[in-house]
Structures are given as structure tokens and as C-alpha cells.
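Engineer: dropping a prediction and its sequence here:
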Amino acid sequence: MNPEPSLLLRSAPKRADLAPRQSGLDQVFGRYLLYHEIPCSPPDRCYHAFAMGIEGYEKPLFLRTFPAALLTAELIESMKRQVVISVPGVEEIYDLGRHEEQGYLCSDLLNGASLAQLGEALPARGQRLSFGLALAIYREARAHLAALHERGLAHGQLRPTLIRLSPGFRAAVFLCRGLCLHETPHDSDTRDEDIFGLATHVFGLAAGELGQRVTGLLADRDPAGFAVLCDLIVAAEPRLEEVAVEILWPESGQAAPAAADRVLATCVTPDEIQALWELVAECAAGGGA
């Protein structure tokens, strides 16, 4: 039986509504057609692209080019082991190769907005996320990390640009994996860094004194901060008492994520959720990374 879709996924607009603005770019790159360039850090270049094939069946994709020197035998072997691992909410890699002295990586096209974009757009509007909405985003992304860690992998370089609100078929929040995930079956430090990084980036967008206290708790990377955070969540919203631990630590064996979503649904108004997706759509239309 498939799990119930998450709160954010149930509320999200259709993927087509978050499609990028067309720029008129029409460039062939191997077997891909590049149609929209996305700003990113040089020397990499990033694009929305199509895998060319039978007309009407072209698959929309994300394509990143990078210096061919990065395309080492070690990277290729690591990717061979990882590409077969599919984790809901973690960007899926379809192709890694070389074309005209450039390396390239082809993966899911994740329309929508990154936390970095939201971190710029919200203050420009004089707004912050409500703490309940930040919890909903964190809970979904945290479940993706838990699934990744269960497979002996860690992200290792989570940044606000790599956490996206982008409704797909199984998730509304996605973690962009970059060139490679870290194979760390015995390295809890890297996995802890994932968790602290995610929490810091998400709760850093939350409004009010509570959001500030949370980011302050997490700044020194002390696991005890999460225990205090559970108490803060319950104090702010008593209806979350039974699922506060599960929200923070999906490995704890508490209620299923959908159950936490149903509780979170009582703490976030429909207007808040709609406003969030409207802002995500605005960011997507701007074409940023």
C-alpha cells in the first residue's frame, strides 16, 4: 500500500504550474536540447533540457556541465553504485558523461524554488515562514535524509541552494544531490552534519523569537539541542506533543510521517500554504537556481 501523500504534496500546485519561463535558448548538447539556462556558480553551467527522441515524448531534465577533469574513474565508479538507489525526495541521476571536453550530469528537473531563493524573497516582502510551516518543510526533508542514511549514504554538503520546494510525484521537498553522495556506512558525523545543516537552513526562515531560539540551539551542533527543540515545539504547539520526536527523528519509530502531517495540518492555515506556493511559483518564474 502506498503511503498517504504528505501535507505539502497534497497542497502543491501541478508541476506544470511551476514550469520555468522560456528563454528562447535552443542549443544541442550531445543527445540533449538545452532550452533554459539557470544561473549557477562558475565554471559549472546549468540548464533545463530535453532528452531528444520521438517528437512529443521528449523528457524534461536538469543538465549541469562542469570541467571534464572532475570526471574521474573514482567518481564514475561511485556513481555506478549509487545510481540504482532510488530515494523519494532525493534527486535522481539519469546520465553522467563527457561531451566536447566537458563533463555533464543529467538528472530530475526540479521546478520550484530553493531555500536560498526563499531566503531572499521572504525578507524582500517583509515576511518569514510561520514556525508550523517550517516544521512541515523540515519534516518532509528530514524523512528523505533518514531514507538516504538507511542506505548507507549521506549528502555531506547540504546548502540552501540544494534544498528545493518542488512538487514531484512522491514528494514536495527535494534534496539535490550534486555530483556525488557520500558512502559513509560507519560515519555518523557526516550524517549528523546533514541533519544539523537541514534544520539550520529550514528553521532559519522561521518567524519570531522561536525561530531565532531554534537556530541558536543548532549553531553549536550539539545533539542535546534537539531535545530542547522538542520541548520548544510542544510549548509552542501542544497538539504536536505526540509527534514532536518523530518530526525531528524519523528513525525513532514513532508515528508514520503522514500522521505527523495530519497534526501539522491543524497548525498551518490554508492561506499560509497557498501563499508559500505562490511565492515558490514566483521564484520559479524568475529562473534562479
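Structural biologist: Okay, I see it.
Engineer: need the pLDDT of the spatially closest residue to L205 that is not a sequence neighbour.
Structural biologist: Nearest residue to L205, sequence neighbours excluded (CB to CB, 6 or more residues apart in numbering): L129, at 4.6 Å. (Each C-beta comes from the backbone N, C-alpha and C, glycine too.) According to the prediction, L129 has pLDDT 89.
Engineer: measure stretch 60-74 end to end?
Structural biologist: End-to-end span of stretch 60-74 (CA to CA, to the nearest Å): 28 Å.
Engineer: return the set of buried residues in that stretch.
Structural biologist: For stretch 60-74, a neighbour-count test (16 or more other CB atoms under 10 Å) marks 60-66, 71 as buried.
Engineer: what does stretch 138-151 give?
Structural biologist: Buried residues in stretch 138-151, defined by neighbour count with 16+ other CB under 10 Å: 138-149.
Engineer: what's in contact with that stretch?
Structural biologist: Outside stretch 138-151, the residues that touch it by CB atoms under 8 Å, 6 or more residues apart in numbering are 6-9, 85, 87-90, 154-155, 163, 171-175, 181, 191, 194-195, 198-199, 202-203, 247-251, 257, 260-261, 264.
Engineer: list only those of those flagged as buried.
Structural biologist: 6-9, 87-90, 154-155, 163, 171-175, 181, 191, 194-195, 198-199, 202-203, 247-248, 250, 257, 260-261, 264.
Engineer: inside helices: which ones of these?
Structural biologist: 7-9, 191, 194-195, 198-199, 202-203, 247-248, 257, 260-261, 264 (DSSP state H).
Engineer: quick revisit: now the buried residues of stretch 138-151 as JSON lines including secondary structure?
Structural biologist: Formatted as JSON lines, these follow (DSSP: H, G, I helix; E, B strand; the rest coil):
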{"residue": "Y138", "secondary structure": "helix"}
{"residue": "R139", "secondary structure": "helix"}
{"residue": "E140", "secondary structure": "helix"}
{"residue": "A141", "secondary structure": "helix"}
{"residue": "R142", "secondary structure": "helix"}
{"residue": "A143", "secondary structure": "helix"}
{"residue": "H144", "secondary structure": "helix"}
{"residue": "L145", "secondary structure": "helix"}
{"residue": "A146", "secondary structure": "helix"}
{"residue": "A147", "secondary structure": "helix"}
{"residue": "L148", "secondary structure": "helix"}
{"residue": "H149", "secondary structure": "helix"}
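Engineer: please identify which of those is nearest to S114.
Structural biologist: Lowest distance from S114 to the buried residues of stretch 138-151 (CB to CB) belongs to A141, with 11.9 Å.
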